[in-house]
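> what follows is a predicted protein model with its sequence.
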Amino acid sequence: MIDWGLSDAAVAALVRGAGRDGDSVAERDEAMARALWSVVVEPGDGDAGLLLGAVGAVEAARILLERPAPISLATATGGELAGSAAERALGRWLPRRRQADLVRALESAARTRARLLAPSDEEWPAALDDLGEHAPLALWSRGDATLLARTSVALVGARAATGYGEHIAMELAAGAVGNEVAVVSGGAYGIDGMAHRAVLASGGDTVAVLAGGVDRLYPAGHEALLTRITEQGAIVSEAPCGTAPTRWRFLQRNRLIAALADATVVVEAGRRSGALSTARHALALGRPVGVVPGPVTSASSAGCHVMLREHPVVCVTTVAEQMELVRGGMVEGGAGASVDDDDPSRGAPDPDGMVTRVLDALRPRRAQSVAELARAVGESSSRIRGVLGVLALEDRAVSKGDGWVRAAAPRGTRTGFTAEE
């Protein structure tokens, strides 16, 4: 039994509020531990995945709460997570080891009737196991969680979609429904939204994978659509309730879309579209990828044409071709592909996403201390200082008093993130 710093009754209430039975102490500890790790780590943290894979969520939580030292991680993982790697992991996790954040996430789940899912649950999609140590440690869902394990196709594409792209997305989505296949997408404007709407209009099943908490329906303009999906389909996220979407979380969210679906089809995408990262994740997982060609003069299809030229993808022009892809299984050579190499949505080289994550956390006016940024990003203070130094040299961050602010971007420079990322 773990001492959560709360009464037994309070723990039981929090667990029940997150849709868990919690009939025994072991079940309550498992639910609380999964929720804690969901709060502590950023999506895709491989070190956390390694630790939980070695000793389980409860023992990993006990180590984090009671013996947070590098030697504890080394012992628990048989030396696989040791030395400087263990120190860096604790540097990321300890600033977020806060009871108030855990309680807040579970209380928000109760208010919105969100459910915390663990890998031991029947509804847990086994396809996520293909992500290995980067698989989510828990999922938060609203709606019918059984849809996560359905045969499905991911339909993704540009936020700034054209009429051509929206028409094709609608046809492919309706065709999937006609073949009793669910549609997975990201709930964003453009192609994502059109695919979800077509499925709902056709009486089919759809899953929206969000980059933030399932209690914060984003984008705001799709609140009505996402609400309908919670009633007729499912929305899911590995980020705990209360979490805001960031560009890094959008990119990590894309790996879940790719993993959940039996095949991914990029309907329309420019050269910088985040949909291309979803396709690359799918290729890295050995999932088949289809790409819809567009007019050669259309910038909105330029990314699709690059994929067709440079990657082992299939040209998709009809519902029948889409279904061949879904039923076709693994693609040869896909499992060894690199997930993020040359990802055009990521801009400058940023192999572990730290530059992106720090820029996400920086504010343009209110200065934040290194400790605040470390907690927001989920990284050690020493690492944050190093990234801030690089950003300062590139004139993208400015030291101001006791903190740091994001530097004003030159006119015409692309900043922030968009829903398609």
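Cool, the structure landed. Numbering: from 1, shown residues only.
> do a quick rundown of the strands in the stretch 51-200 of the chain.
All strands of the stretch 51-200 of the chain, identified by DSSP state E, counting those that start in this stretch, fall at 115-117, 139-143, 152-157, 182-185.
> what distance separates the longest one from the centre of its chain?
Right, the one you point to is strand 152-157. Averaging C-alpha positions (Cα atoms, centre = their mean, to the nearest Å) puts strand 152-157 15 Å from its chain's average.
> quick one: buried residues of stretch 268-288?
268-270, 272-288 (16 or more other Cβ atoms under 10 Å). For glycine as for every other residue, the C-beta is placed from the backbone atoms N, C-alpha and C.
> next step: the residues you listed restricted to helices.
Ala275, Leu276, Ser277, Thr278, Ala279, Arg280, His281, Ala282, Leu283, Ala284 (DSSP state H).
> mind checking how far the fifth one is from Ser300?
Ala279 sits 16 Å away from Ser300, going by Cβ to Cβ, to the nearest Å.
> longest helix of this protein?
Assigned via DSSP H, the chain shows its longest helix as helix 46-66.
> closest to Asn179 among the ones in helices among the buried residues of stretch 268-288?
Closest approach to Asn179 among these (Cβ to Cβ): Ala282, at 19.3 Å.
> name all residues that make contact with the closest one.
Ala154, Ala258, Ala261, Ala263, Thr264, Pro288, Val289, Gly334 (Cβ atoms under 8 Å, 6 or more residues apart in numbering).
> Ala258 is in contact with the fifth one, correct?
Yes: proximity of Thr264 to Ala258 meets the contact threshold set by Cβ atoms under 8 Å, at 5.6 Å.
> circling back to that earlier point, what's the closest of the strands of the stretch 51-200 of the chain to Thr243?
Once the strands of the stretch 51-200 of the chain are compared by Cβ to Cβ, strand 139-143 is nearest, at 9.1 Å.
> put the alpha carbons of that closest one into PDB.
C-alpha atoms of strand 139-143 as PDB (Å, rounded to 0.1, in the frame of the first residue of the first chain):
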ATOM      1  CA  LEU A 139      -5.000   6.900 -21.300                       C
ATOM      2  CA  TRP A 140      -7.800   9.300 -20.500                       C
ATOM      3  CA  SER A 141     -11.000   8.800 -22.500                       C
ATOM      4  CA  ARG A 142     -14.500  10.000 -22.900                       C
ATOM      5  CA  GLY A 143     -17.200   8.000 -24.800                       C
END
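> for that strand, what is the distance to the chain centroid?
So, by Cα atoms, centre = their mean, the centroid of strand 139-143 is 13 Å from its chain's centroid.
> now do the buried residues in stretch 164-182.
Here stretch 164-182 shows 164-166, 168-170, 172-177, 181-182 as buried, counting by 16+ other Cβ under 10 Å.
> got the CA coordinates for that stretch in PDB?
Written as PDB, here are the backbone C-alpha positions of stretch 164-182 (Å, rounded to 0.1, in the frame of the first residue of the first chain):
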ATOM      1  CA  TYR A 164     -10.900  19.200 -52.900                       C
ATOM      2  CA  GLY A 165      -9.300  17.800 -49.800                       C
ATOM      3  CA  GLU A 166     -12.500  18.100 -47.700                       C
ATOM      4  CA  HIS A 167     -14.500  16.300 -50.400                       C
ATOM      5  CA  ILE A 168     -12.000  13.400 -50.600                       C
ATOM      6  CA  ALA A 169     -11.900  13.200 -46.800                       C
ATOM      7  CA  MET A 170     -15.600  12.900 -46.700                       C
ATOM      8  CA  GLU A 171     -15.700  10.200 -49.300                       C
ATOM      9  CA  LEU A 172     -13.000   8.100 -47.700                       C
ATOM     10  CA  ALA A 173     -14.500   8.500 -44.200                       C
ATOM     11  CA  ALA A 174     -18.000   7.500 -45.400                       C
ATOM     12  CA  GLY A 175     -16.500   4.600 -47.300                       C
ATOM     13  CA  ALA A 176     -14.800   3.400 -44.200                       C
ATOM     14  CA  VAL A 177     -18.100   3.400 -42.400                       C
ATOM     15  CA  GLY A 178     -19.600   1.400 -45.200                       C
ATOM     16  CA  ASN A 179     -16.900  -1.200 -44.700                       C
ATOM     17  CA  GLU A 180     -17.500  -1.300 -40.900                       C
ATOM     18  CA  VAL A 181     -14.100   0.300 -40.200                       C
ATOM     19  CA  ALA A 182     -13.700   3.100 -37.600                       C
END
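> neighbours of the residue nearest to Arg327 when sequence neighbours are not counted, how many?
Closest residue to Arg327 apart from its sequence neighbours, by Cβ to Cβ, 6 or more residues apart in numbering: Asp262 at 8.0 Å. A count of neighbours around Asp262, defined by other Cβ atoms under 10 Å, yields 22.
> quick one, what contacts Asp262?
The contact partners of Asp262, taken as Cβ under 8 Å, 6+ apart, are Thr151, Ser152, Val153, Val181, Arg287, Pro288, Val326, Arg327, Gly329.
> tell me the centre residue of this structure?
Arg253 (2.3 Å; Cα atoms, centre = their mean).
> what's the pLDDT at that residue?
Note on Arg253: pLDDT of 93.
> secondary structure element for it?
If you go by DSSP states H and E, Arg253 is part of helix 247-260.
> just how off-centre is that helix within its chain?
4 Å.
> which other helices and strands does that helix contact?
strand 152-157, strand 182-185, strand 206-209, helix 275-284, helix 354-361 (3 or more Cβ pairs under 8 Å, 6 or more residues apart in numbering; DSSP states H and E).
> got the contact list for the closest residue to Leu73 other than its chain neighbours?
Residue nearest to Leu73 in three dimensions, not counting chain neighbours: Ala86, with 4.2 Å by Cβ to Cβ, 6+ apart. Going by Cβ under 8 Å, 6+ apart, Ala86 touches Asp47, Pro70, Ile71, Leu73, Ala74.
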